[in-house]
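Peer 1: no sequence on this one, just coordinates:
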Ligand SMILES: NC(=O)c1ccc[n+]([C@@H]2O[C@H](COP(=O)([O-])OP(=O)(O)OC[C@H]3O[C@@H](n4cnc5c(N)ncnc54)[C@H](O)[C@@H]3O)[C@@H](O)[C@H]2O)c1
């Protein structure tokens, strides 16, 4: 099996590339190394440096005729999307259209897209499911939702199969301090550098933290299941930023100072994703409890 992973030098993409190589797939990676790094690319994978926003870079790689495309390359920083919506749309929307056009032309069997719970915006409800209304409150969320619509239209118009996976806040070893859900890695880097943790707002905002290997597992299952479906991936567990800070403090042992600053615009208050549909459609459920996941991530950051 030949697969193309866009964004395969990044946090989630590199874990996925490792897992696909381990099952014997021929793995090709398209990445411009804007946030990803070459050292995260598995030895067995073939790296193609290029920009998804540039259609000729995408067609060049797609000429290899991969069977499956995992599309992860993206501008992933919510705050950056607010500062520079044009570049966010260029990478996330135009880049996705380039990947779809080239996938269609080269006869790709399926595209598996990394979407986000940012498409929902602030629902105000305790738990979100796939039927919840999608009303993004950031340009990043809008660009992910628009990409989903393009993917569905490419399926409806041209028969290109897809699975769209909407992730909760993913964390784990190898995550950088930029990006959509970098709070775990930001906190750990600050602990490592003996700096106080900065919490925006009162810290009662909640997130659903999902371990990266669980995300990889869902991508692998999507190769042959969840056809033409939108499936969200979460743990159904809410963790407040204050609780997260407390958990990391406990893992660290020594005292960690916490500072509060003003809440940031465009940020969602509560987000917790029900995984009932992922279980029935993919046979997936999260297997890593937050304390174990944080321990593995803590050990990785402190061991660097
Ligand atoms: N990390 C999370 O919590 C989370 C949550 C929801 C969705 N997602 C989605 O998962 C995917 C992977 O996220 P991640 O956390 O691994 O982020 P990441 O920033 O580590 O990875 C993104 C990768 O895409 C590459 N890239 C960016 N722009 C590119 C371009 N124009 N052309 C080619 N490559 C480009 C980067 O160099 C990087 O390697 C993204 O689509 C993101 O939106 C992530």
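Peer 2: Sure thing, it's come through. Quick caveat, the model's predicted, so the values are computed rather than measured.
Peer 1: my read is residue 56 is in a helix, agree?
Peer 2: Yes: judged by DSSP: H, G, I helix; E, B strand; the rest coil, residue 56 forms part of a helix.
Peer 1: For this structure, give me the ranges with low pLDDT.
Peer 2: 178-181, 266 (pLDDT under 70).
Peer 1: Regarding it, what is its longest helix?
Peer 2: If you go by DSSP state H, the chain has its longest helix at helix 139-158.
Peer 1: Distance of residue 244 relative to residue 14?
Peer 2: 24 Å (C-beta to C-beta, to the nearest Å). Bear in mind the C-beta positions are built from the backbone N, C-alpha and C, glycine included.
Peer 1: before we move on, what about residue 61?
Peer 2: Residue 61 sits 17 Å away from residue 14 when distances are taken as C-beta to C-beta.
Peer 1: Endpoint to endpoint, stretch 195-214 covers what distance?
Peer 2: Stretch 195-214 has an end-to-end distance of 30 Å (C-alpha to C-alpha, to the nearest Å).
Peer 1: do the same with stretch 257-267
Peer 2: With C-alpha to C-alpha, one end of stretch 257-267 sits 23 Å from the other.
Peer 1: who touches that stretch?
Peer 2: 78-79, 81-82, 137-138, 196-203, 205, 245 (C-beta atoms under 8 Å, 6 or more residues apart in numbering).
Peer 1: Farthest pair within the residues you listed?
Peer 2: 137 and 196 (28.1 Å; C-beta to C-beta).
Peer 1: out of the two, which sits in the busier spot?
Peer 2: With neighbours defined as other C-beta atoms under 10 Å, residue 137 and residue 196 compare such that residue 137 has more, 17 against 11.
Peer 1: where does that one land in three-state SS?
Peer 2: Following three-state DSSP, the label given to residue 137 is coil.
Peer 1: Let me know whether it touches residue 268 as I believe.
Peer 2: Yes: in this structure residue 137 lies within contact range of residue 268 using C-beta atoms under 8 Å: 6.8 Å.
Peer 1: Spit out the residues that contact the two alike.
Peer 2: Residues touching both residue 137 and residue 268 (C-beta under 8 Å, 6+ apart): 121, 122.
Peer 1: Contact residues of the stretch 1-150 of the chain facing the ligand?
Peer 2: Contact residues (C-beta under 6 Å from any ligand atom) of the stretch 1-150 of the chain with the ligand: 7, 9-13, 31-36, 51-53, 72-76, 91, 95, 114, 116.
Peer 1: for the stretch 1-150 of the chain, what spans make up the strands?
Peer 2: Here the stretch 1-150 of the chain has its strands, by DSSP state E, counting those that start in this stretch, at 2-6, 26-31, 46-49, 68-71, 110-116.
Peer 1: Check the stretch 201-304 of the chain too.
Peer 2: For the stretch 201-304 of the chain, strands defined by DSSP E, counting those that start in this stretch occupy the ranges 206-207, 209-211, 229-233, 239-240, 258-261.
Peer 1: just to revisit the earlier point, from the contacts of stretch 257-267, list just the buried residues.
Peer 2: Buried by 16 or more other C-beta atoms under 10 Å: 78, 81, 82, 137, 138, 197, 199, 203, 205, 245, out of the contacts of stretch 257-267.
Peer 1: Relative to the ligand, how far out is residue 253?
Peer 2: Going from residue 253 to the ligand by C-beta to the nearest ligand atom, to the nearest Å gives 27 Å.
Peer 1: hmm, I was thinking of residue 63
Peer 2: Distance from residue 63 to the ligand, counting by C-beta to the nearest ligand atom: 17 Å.
Peer 1: Would you quantify the distance from that residue to residue 70?
Peer 2: Taken as C-beta to C-beta, the span from residue 63 to residue 70 is 18 Å.
Peer 1: So those two - more neighbours on which side?
Peer 2: Each of residue 63 and residue 70 has its neighbours counted (other C-beta under 10 Å); residue 70 has more, 30 against 11.
Peer 1: Isn't the more buried one up against residue 16?
Peer 2: Yes: Residue 70 is in contact with residue 16 according to C-beta under 8 Å; the separation is 6.1 Å.
Peer 1: tell me, what's touching these two both at once?
Peer 2: Counting by C-beta under 8 Å, 6+ apart, the common neighbours of residue 70 and residue 16 are 5, 8, 219.
Peer 1: So what pairs up with the residue nearest to the second one when sequence neighbours are not counted in the strands?
Peer 2: Leaving aside its chain neighbours, residue 8 sits nearest to residue 29 (3.2 Å; criterion: C-beta to C-beta, 6 or more residues apart in numbering). Taking DSSP bridges, one obtains residue 5, residue 47 as the residues bridged to residue 29.
Peer 1: hang on, the earlier thing: buried by neighbour count, from the residues of the stretch 1-150 of the chain next to the ligand: which ones?
Peer 2: 7, 9-13, 31-32, 35-36, 51-53, 72-76, 91, 95, 114, 116.
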